[in-house]
Each structure stands twice: as C-alpha cells, then as structure tokens.
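**Q** Prediction below, plus the sequence it came from.
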Amino acid sequence: MSQDTCPSCGTANQPGAHFCTRCGASLGTHLPNPWQKPSPGQAIGFGGAIKAGFANYVKFSGRATRSEYWWWVLFYVLVSITANIIGIALGGGDPHTPLARLPSDLVSLAFLLPSLSVAVRRLHDRDKSGWWVLGITVGWVLSVILLVAGAMASGLDSTGHFANGTPTGSGLAGMMLGLLFMLISSGASLVQFVWFCQRGTQGPNRFGPDPLSKW
C-alpha cells in the first residue's frame, strides 16, 4: 500500500498528504531514513554520509556531493570532541599526558584515509584534480619544517629568544621561505574551501556521473 492511500477507507490521496481528504484519517508521517542510501537526485543524509565514508575508506575515484562531505566533517568533529573529553578523563584532568592524548590520536589515525578520500572525491565533483589535497598538505608541512629549521639555525632557545636577538643568515632565509609557503598554502586552502562549498558540475565529468543526477 502506497503512502498516499488511506489505510482506513482506501481513498487515493495526493502524494505527500498527511490526512485523507475523504475520511480525515492520518496517512502517517513518512520521514526519510538518514541511514538509507539516497536515490539518484537525492542528497545524502548524516547517517548515509557516515556509511559512505567508511564504505569508501580508501576510494579516491568517483565523486562526492557537498552533503556527503560536510556531514562527514561534522561526524569527524563530533567524534574528535568526544575522544578529547574521554582522554581528559583518562588523564585525570591533564590533557597533556600520553594517556589523555591516546583517544584523539587513535581517532585521527582512523579518520585519516577516509577523510582524505572524501576530500578528493569532493574535488572530483567540482571537476578538480584530487592532487590539490596533497599539494596543500605538502605546502603546510614544508612551511612548518622551514620555520622550525630556520628558528633553530638562528639559535632560538626554550624561552623564545634568539641568540643574537634576531634571526640571521640562513636561519632568517629559512624562516622567510617558510612564511612564503605558509601564505601560498593559506591561499590555496581558501580556494579549496570555496570549492568544497560549491555544487558539483551538473551532469557527468571526467571523474564520473553526477551523484545528484536523476538519470
């Protein structure tokens, strides 16, 4: 029996109606299942995004919609917050002990590959190369390495002061180069964030069919 057919009198009502137009009986509330795989043309829900994230744990091909990506980000944030709270409790209130950091470290490790894969598929949905993710990550890592190496070469001590008062020589050059990489990575991250917020290309692209297409 379809949801627009009255269970009391059998009258066919308009799709989506809540009450029978003949006898007034309730037709029931038909809420979508958040864990159900969406039909073509339908945005994925919170539970569906979680299932898709783990089902496509290391799948770096295909496309992911905005809803799939951002629901996954929300899930990751909620799990990370929960892990930090558990860690602080295990560490007796001190968040800096190894035991306190263990839950969040395990969560970060478990979410690393699926988070990278869904980010790559989200870029694919915009018809962008997934190598953007790697390039931006490498840029941030290089900036941190150069800044730290430059500071150490300039004699930065544990109190945050340089041996000669200011960074000099190769240390200064390393820190300037690190700042340059940081600026470039920041700009690229901003561009990537905008792409993540935009709808994917309509219709098929070089990475696969449109996940929101009805055909």
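**A** That came in fine, so what should we check first?
**Q** contacts for the helix or strand hosting I85?
**A** I85 is part of helix 66-90 when elements are defined by DSSP states H and E. Residues from elsewhere that reach helix 66-90 (C-beta atoms under 8 Å, 6 or more residues apart in numbering): 43-46, 48-50, 52-53, 94-95, 99-104, 106-108, 111, 114-115, 118-119, 121-122, 125, 196-200, 211. Placement of C-beta: from N, CA and C, glycine included.
**Q** tell me how far stretch 72-87 is from the chain's mean position?
**A** 12 Å (C-alpha atoms, centre = their mean, to the nearest Å).
**Q** CA atoms only for it, dumped as PDB, please.
**A** Extracted as PDB, the C-alpha positions of stretch 72-87 are listed here (Å, rounded to 0.1, in the frame of the first residue of the first chain):
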ATOM      1  CA  TRP A  72      31.400  13.500   7.200                       C
ATOM      2  CA  VAL A  73      33.300  16.600   8.500                       C
ATOM      3  CA  LEU A  74      30.600  17.100  11.200                       C
ATOM      4  CA  PHE A  75      30.800  13.500  12.200                       C
ATOM      5  CA  TYR A  76      34.600  13.700  12.500                       C
ATOM      6  CA  VAL A  77      34.400  16.900  14.600                       C
ATOM      7  CA  LEU A  78      31.800  15.300  17.000                       C
ATOM      8  CA  VAL A  79      33.900  12.100  17.300                       C
ATOM      9  CA  SER A  80      37.100  14.200  17.900                       C
ATOM     10  CA  ILE A  81      35.400  16.200  20.700                       C
ATOM     11  CA  THR A  82      34.200  13.000  22.300                       C
ATOM     12  CA  ALA A  83      37.600  11.500  22.100                       C
ATOM     13  CA  ASN A  84      39.200  14.600  23.700                       C
ATOM     14  CA  ILE A  85      36.700  14.500  26.600                       C
ATOM     15  CA  ILE A  86      37.400  10.800  27.200                       C
ATOM     16  CA  GLY A  87      41.100  11.500  27.000                       C
END
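**Q** quick one, domains of this protein?
**A** Listed by automatic domain parsing, the domain ranges of the chain are 1-31, 45-126, 128-198.
**Q** out of those domains, nearest to F207?
**A** Nearest to F207, of all the domains of the chain, is domain 45-126, at 3.7 Å by C-beta to C-beta.
**Q** ok, back up a step: nearest to P204, out of the domains of the chain?
**A** Of all the domains of the chain, domain 45-126 comes closest under C-beta to C-beta, at 9.3 Å.
**Q** And the most centrally placed residue in the chain, how far from S80?
**A** The centre of the chain sits closest to V73, judged by C-alpha atoms, centre = their mean, with a distance of 3.4 Å. Applying C-beta to C-beta, to the nearest Å, the value for V73 to S80 is 10 Å.
**Q** Could you say which of the domains of the chain is packed most deeply?
**A** Compared across the domains of the chain, domain 45-126 shows the largest average neighbour count, a mean of 17 (mean count of other C-beta atoms under 10 Å).
**Q** end to end, how far does that domain reach?
**A** Start-to-end span of domain 45-126 (C-alpha to C-alpha, to the nearest Å) is 20 Å.
**Q** hey, least reliable of the domains of the chain by pLDDT?
**A** For those, the bottom mean pLDDT is recorded on domain 1-31, which sits at a mean of 64.
**Q** For R206, find the nearest of the domains of the chain.
**A** Of the domains of the chain, nearest to R206 by C-beta to C-beta is domain 45-126, at 8.4 Å.
**Q** This completes my enquiry, with thanks.
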